[in-house]
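Engineer: Give me a 3D structure for the following:
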Amino acid sequence: MRHTFDSLGAVVKGASGQARVNDWRNATTDPGWEGIVMRTSHRMWLAGWLAGLLVVSISTFARSPFRAPQAPDSSDIAVVKSGAGSCSADFVVTDLSGKGIYDAKIRLQVRYRFMGFHRLDASVATNFEGKARFEGLPEQIKGTAEFNISHKDQSKSLPYDPLTDCHSRHEVILGGK
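Structural biologist: The predicted model follows:
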């Protein structure tokens, strides 16, 4: 007697208990309901995991490390604290009409301490009132230094001399060509 085996190696028998011929064209590879449920649950698990990863990455990277632009109604003064000394400098930058200039850049480059080996590069932008402040500037500098104030295509320079005025106040008018 000749027996036919299916893909799992079991003998294929008919309803009468006799072995029947089952050729490869009639063989099915359907895993049945259990296989469908297993495949579906695996896909659901993977989709849930990817959705959770997406939510975590969006919430992590949505927060920007950069400071948001200042609101026009904010009265906070922009302050740079360098920690190089005890001097300070206050600025009010205005246009010809006396209105404060928002986002005017004030830069300072200073060499200080023994033989000028230490270097301070600091910059700050003004608030909507045109105000900005430097704190912690060095008391003794090597050579000369100056504040460079600029906005769009306008600029001015002011000297920084901590020996004559350690806590200086500057009113700068930008405008007119």
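
Engineer: which intervals of the protein have sub-threshold pLDDT?
Structural biologist: Applying pLDDT under 70 to the chain flags the ranges 1-40, 61-75, 115-116, 176-177.

Engineer: For residue 49, the count of nearby residues, please.
Structural biologist: Neighbours of residue 49 under the rule other Cβ atoms under 10 Å: 10. Using the backbone N, CA and C atoms, a C-beta is placed for each residue, glycine as well.

Engineer: Could you pull up the residues touching residue 91?
Structural biologist: Residues near residue 91 by Cβ atoms under 8 Å, 6 or more residues apart in numbering: 106, 126, 130-133, 147, 149, 169-172.

Engineer: Just the buried residues of these.
Structural biologist: Buried by 16 or more other Cβ atoms under 10 Å: 106, 126, 130-133, 147, 149, 170, 172, out of the contacts of residue 91.

Engineer: Tell me which of those residues fall in strands.
Structural biologist: 106, 131-133, 147, 149, 170, 172 (DSSP state E).

Engineer: what about the closest residue to residue 147 other than its chain neighbours, helix or strand, and which?
Structural biologist: In space, and not counting its chain neighbours, residue 147 is closest to residue 158: 4.6 Å by Cβ to Cβ, 6 or more residues apart in numbering. Assigned by DSSP states H and E, residue 158 belongs to strand 154-160.
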